[in-house]
Structure formats: structure tokens, C-alpha cells
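# sharing a model that was predicted from the sequence below.
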Amino acid sequence: MSFTWYIARRYFQGSKRDSKFLSFIKIMSIIGVAVGSAGLLIALAIVHGFKSTINEKILGFAPHITNQTFVGVPLQRADTLQPYLMQFEGVSRVEPAVTGNVMIQSASGISGSVIKGIRPGGDVTQLSTYITQGSYTIERNSSGLPGIILGETLAQSIGADIGSRVTVFALDGLPSPLNTPEIRQYYLSGIYETGIDRFDDSFAIADISTVRTLFGLGTRQASVMEINVDDESQIMSVYAAIRDGTSFPIVTENIYQRYRNIFAWINLQEETIPLVIGVMVIVAAFNLIGTVLMMVLERVKDIGILKTIGARSTSIRKIFLLEGLFVAVSGLVIGIGISLLFWFLQTTYNIIPLAQENYYMSTAPVEPHLLDFFIVGGITILLCALASWLPARIAAKTDPVQVLSFGR
């Protein structure tokens, strides 16, 4: 063990000669670094959790890329467009879908909705993983009624339960004796819940053949072509290729454009929350200036003795710089421990509940990243080292003659 390391460690451990005030400010500095680093690590873990959870929900609910006409008229030859789109590199699946605005009525209520018709087994999304009641099926039951799948909020608003008969009205303008709506009856086969209200309160899934009859479309027509890619990281590149490979009136849109408001909200959190919480680390680190300076003042006689027996100014500076780093490392270790304890408690007991209608989930998600621990640890130690440099430099410039004369 080197001389400077040994002396710094003994000073950090303290002795009976140390004043209670010095011990108190040392403990408070360690707590400050611990709280600041823990707060930043917890904030980063929650932000990562929010981003991953919401990304997973959106990417699981909606297709990665869509093709539809610019003017809103149906795609006339979906059967030939489908194999053409499958030729693009990175595309894993292409399915036609028919969408439109409808009114859905049960025995207890009625509500507006968007209905999407898909082929049985032809859904490109992962919506089946969000089924909470019933099953993900649009097949006909024993009574000959086709199945329909509703969001949790929508099903509650019309008072429908699994097995309930629901009536769907396809409206084209204002109803009148000359403009009667197309009507179709279904049975409620499944209820899903993503936790995102805009998905759960106004969206229904049914068989594409029945939805085509609602909107008067032919068997080769579709409202939209839904496209999924092999790797989510390739969405933008595949989108650009399909956009450039199709022409007017077909418009290509990716999922990030379609739900830009939600993604913008996530990015805003990711950018601002760690910055705000990070101020805690900066404040805690620069509190070390006062702490190490107090250590210098308390041990000014020791500095004089060390210099008298031959200790160099660089050694004195290293001793007090190491003291500041010992405080930083102690606080950082405690902070990491606190953040890991929070991660365990939140994932096990959900100690922080959330309003699902505002945050799209019922509990705060936590997703710690190993890289964050290295980044926060490195920044904390760097800031604490910079904060300890000034008082350590003052200690190195202490004149032993004046110190020992003052002590007599």
C-alpha cells in the first residue's frame, strides 16, 4: 500500500480526534452522492421502462408499415399488390385489411368505433397477446354468427360481455330513408386490453369478408395493406424502399408517423427527466468542495508534520484528492444499492402505481441498463474528483513553518 493511499484511507476512516462536525458533513456528503446517483439511476431505469413498454404495445398493436390510397378510395387489386410488396427485402408479412367507421350496439349501449376486417389467421400484429377475456377468434359460432373482438373500454361502454350479440352499423353520411346503413350482427368472441385508451376504446376486429359487405367492397379490394418487417430496427429503411417503389395514389406510412404524438411524448421524457434528476448528482458532487476543505482545515497541523518529515506537495494533494474520491465511491456504491433495491421492490410488489388512462400502464415500469451504471458511475466520480481538486490543491500549498509556528 502506497504512503498516500494509506494516509488517505486512515483520514477517511476517521479517528477519535476528529470533530463531530467533520464526521457529520462527511456522512452528509456520502448521503448526497448516494441520493443523487440513486435518483439518476432510478429515473433512467423508469424512462427506459416507459419507452420499452409503450414501444412494445404500439408495435404489437399496429402494423409496422401501411399502404393505402391518398384519396381514401379502396385499393382495387389488393391480390396483386400483396405479392409485389412481399418482394421488398426485409418484409416478413403483407396482409390486406378493410377499415371504416361504424356504430356498434349491444343490448345495453351503443358507441362509435373503427372496425378492421382481416382474414382469419391473417393479422400481422400481436394483438392476440393482449386478450384478457374470451379468445382471439373471428370464426363463426354454432349459431352462424361471425366473431368480433373489442377493446376493454369499448366493451364496457356498450355493456357487452363475452358471447353477447352486437350489431354493427356501417354509416355513409347521414342516415335517411334513401341512405340506410348496412347492418351486420356478430357475437363478442374476445376482449383485449393494451392499456392505451385510444386503442381500447374505439377499435374492433372482425372477418374481412363480413366487413367488405358492410362497406360494399369486392373480394379483391382492400382499404389498406398492412406490412410487417423481419427486424423492428429496419422499419425506416424498408419504409423508404416501399415508398420509393410505389406510386400515386398509393401512400406509404410507417408506425412512427402514425403515432408520432405518443413517440414524441416518450422522447421528451427520455431527454428531460434524466437531465433534471442529474442536477442532483452535480449538486452532491460539488458539495464535496466544502467537505474536503473542512478535512483540510481539521488536519492542517498533520499537513505541516507530513511536510516536515519530507512529504511532497503532490503527495499531500493526492491524499485529499483520494479522500474526496473515497466519499464519492462510498456514496456511489450506496446509490447503486438503493437503485437495485428499488428495481426489486417495483418489479416484485409494484410499489408505484400509475393512472393507466394517463400513462398507458398501471404501474411504473423499471428497466435498468448496465451501460447506465457505468455512465452514471463515471460521471459521478469525475465530478467528485473535479470538486475535490481545489481543496486538495489548497492543502498542497500549506506552508509547514507557518502551520507549526501557529500550533505552538
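All right, it came through fine. Residues are numbered from 1 along each chain as shown.
# in the longest strand anywhere in the chain, which residues are buried?
Taking DSSP state E as the criterion, the chain has its longest strand at strand 91-105. Judged by neighbour count (16 or more other Cβ atoms under 10 Å), strand 91-105 contains these buried residues: 91, 93-100, 102-105. (C-beta placed from N, C-alpha, C; glycine too.)
# what is the nearest of those to residue 328?
residue 91 (51.2 Å; Cβ to Cβ).
# just the strands in the stretch 1-150 of the chain please.
Chain-ordered strands for the stretch 1-150 of the chain, with DSSP state E, counting those that start in this stretch as the definition, fall at 65-69, 91-105, 110-118, 131-134, 147-151.
# any chance you could map the helices in the stretch 201-350 of the chain?
Taking DSSP state H, counting those that start in this stretch to define them, one finds helices in the stretch 201-350 of the chain at 208-215, 235-245, 255-258, 260-286, 288-298, 300-308, 313-349.
# now do the stretch 1-150 of the chain
Going by DSSP H, counting those that start in this stretch, the stretch 1-150 of the chain shows helices at 3-13, 20-61, 78-86.
# out of the ones you listed, which is the most enclosed?
Highest mean neighbour count among the helices of the stretch 1-150 of the chain (mean count of other Cβ atoms under 10 Å): helix 20-61, with a mean of 20.
# quick check, nearest of the buried residues of strand 91-105 to residue 308?
Comparing the buried residues of strand 91-105 against residue 308 with Cβ to Cβ picks out residue 91 as the nearest, at 79.1 Å.
# wait, the closest one sits on residue 226?
No: with contact defined as Cβ atoms under 8 Å, residue 91 does not count as touching residue 226 (11.1 Å).
# find the residue closest to residue 187 in space, skipping its chain neighbours.
Nearest non-adjacent residue to residue 187, counting by Cβ to Cβ, 6 or more residues apart in numbering: residue 145, 4.5 Å away.
# gap between that neighbour and residue 156?
Counting by Cβ to Cβ, to the nearest Å, the gap from residue 145 to residue 156 is 21 Å.
# which of the helices of the stretch 201-350 of the chain sits closest to residue 141?
Nearest to residue 141, of the helices of the stretch 201-350 of the chain and by Cβ to Cβ, is helix 208-215 at 13.3 Å.
# before we move on, back to that, could you redo the helices of the stretch 201-350 of the chain as a markdown table and give each row mean pLDDT and distance to residue 180?
Shown next, in a markdown table, are the helices of the stretch 201-350 of the chain (pLDDT from 0 to 100; distance: least, Cβ to Cβ, whole Å):
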| stretch | mean pLDDT | distance to residue 180 |
| --- | --- | --- |
| helix 208-215 | 94 | 13 |
| helix 235-245 | 95 | 39 |
| helix 255-258 | 94 | 33 |
| helix 260-286 | 80 | 37 |
| helix 288-298 | 76 | 78 |
| helix 300-308 | 74 | 96 |
| helix 313-349 | 90 | 54 |
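# just put the strands of the stretch 1-150 of the chain in TSV and tack on mean pLDDT and distance to residue 234.
TSV is the format used below for the strands of the stretch 1-150 of the chain (pLDDT from 0 to 100; distance: least, Cβ to Cβ, whole Å):
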stretch	mean pLDDT	distance to residue 234
strand 65-69	94	10
strand 91-105	94	9
strand 110-118	94	23
strand 131-134	95	28
strand 147-151	96	29
